[in-house]
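**Q** Task: produce atomic coordinates for the following.
(one chain, ligands or ions: 1)
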Amino acid sequence: MSEIIIPLHGLTRGGQEFDFVLDDSFLDEFSHDVVQGLDCKAHIAAEQKGSWIEIHCTVTGQALVLCDRCLEDLRLPVVIDQMLTVRFDTEPEEVVNEDDNVITLLEGTSEFDLGQTLYDLTCVSLPMQKVHQQGGCNPEALARLSDEAQMESQPAMNTPFSGLKDLLKQKKN
Ligand SMILES: [Zn+2]
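**A** Alright, predicted model coming up:
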């Protein structure tokens, strides 16, 4: 259970609003694989609409990821504006929702943990290719990576010239 709990019972007419902080401790509940760090604010508005509940999620802030090119820290803006619909059913596991934004919960469920949903929305909101802007990559990291790539593409390291190459490199530095 994350700390991002929305009560589903007794929502007042006109809706209720909730504010949460999504930071590194929020990430600890999930995974730091894609998103290494998070500094976001979530604003949630939940409103009873007859038999279902509408949940409007807005998240803004920054995510810390690793650049695909230079593998150094990269901060990306997070902007999410997503409407979710919560429906209820006596057998929610039998319900197939074609729309990812419709969530079916067991009839009578009194609260909804939005943590997983907000984590998923954050990951999906980030671009597929996570790279610094043109020229923004760390040049030292890029040089190191290209050296490593070269070494990997030359498995026969014990040639008479491999030592020479290192020597030349030292001189250059
Ligand atoms: Zn980079």
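
**Q** any idea how far the strand ranked longest in the chain is from the chain center?
**A** If you go by DSSP state E, the chain has its longest strand at strand 73-89. Relative to its chain's centre, strand 73-89 lies at 10 Å (Cα atoms, centre = their mean, to the nearest Å).

**Q** In terms of helices and strands, where is Asp39?
**A** Assessed by DSSP states H and E, Asp39 sits inside strand 37-49.

**Q** What separation do you get for the most centrally placed residue in the chain and Thr90?
**A** With distances taken as Cα atoms, centre = their mean, Cys123 lies nearest the centre of the chain, 2.8 Å away. Distance, Cys123 to Thr90, using Cβ to Cβ, to the nearest Å: 32 Å. (C-beta placed from N, C-alpha, C; glycine too.)

**Q** who's in contact with Ile53?
**A** Leu8, Leu11, Ala46, Glu47, Thr85, Val86 (Cβ atoms under 8 Å, 6 or more residues apart in numbering).

**Q** Next, format the residues you listed as TSV and append distance to Asp68 and pLDDT.
**A** Listed next are those as TSV, based on distance: Cβ to Cβ, whole Å; pLDDT from 0 to 100:
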residue	distance to Asp68	pLDDT
Leu8	40	93
Leu11	42	87
Ala46	37	96
Glu47	40	95
Thr85	34	96
Val86	36	96
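
**Q** top of the residues you listed by neighbour count?
**A** Counting neighbours by other Cβ atoms under 10 Å, Ala46 leads the contacts of Ile53 with 22 neighbours.

**Q** Is that residue bridged to anything, and to what?
**A** Gln16, Ile55 (DSSP bridges).

**Q** thought it was touching Glu54?
**A** Yes: assessed by Cβ atoms under 8 Å, Ala46 is found in contact with Glu54 at 7.2 Å.

**Q** any residues in contact with both of these two?
**A** With Cβ under 8 Å, 6+ apart as the test, Ala46 and Glu54 both reach Gly15.

**Q** From Gln116, how far out is the residue nearest to Leu126 when sequence neighbours are not counted?
**A** Closest residue in space to Leu126, ignoring its immediate chain neighbours: Leu76 at 5.7 Å, by Cβ to Cβ, 6 or more residues apart in numbering. In this view, Leu76 and Gln116 are 21 Å apart by Cβ to Cβ.

**Q** same check, this time on Leu66
**A** 23 Å.

**Q** Please apply the same query to Glu148.
**A** Taking Cβ to Cβ, one finds Glu148 at 36 Å from Gln116.

**Q** what about the two, which has more around it?
**A** Using other Cβ under 10 Å, the more surrounded residue of Glu148 and Gln116 is Gln116, with 13 against 10.

**Q** Doesn't that one belong to a helix?
**A** Yes: Gln116 sits within a helix when classified using DSSP: H, G, I helix; E, B strand; the rest coil.
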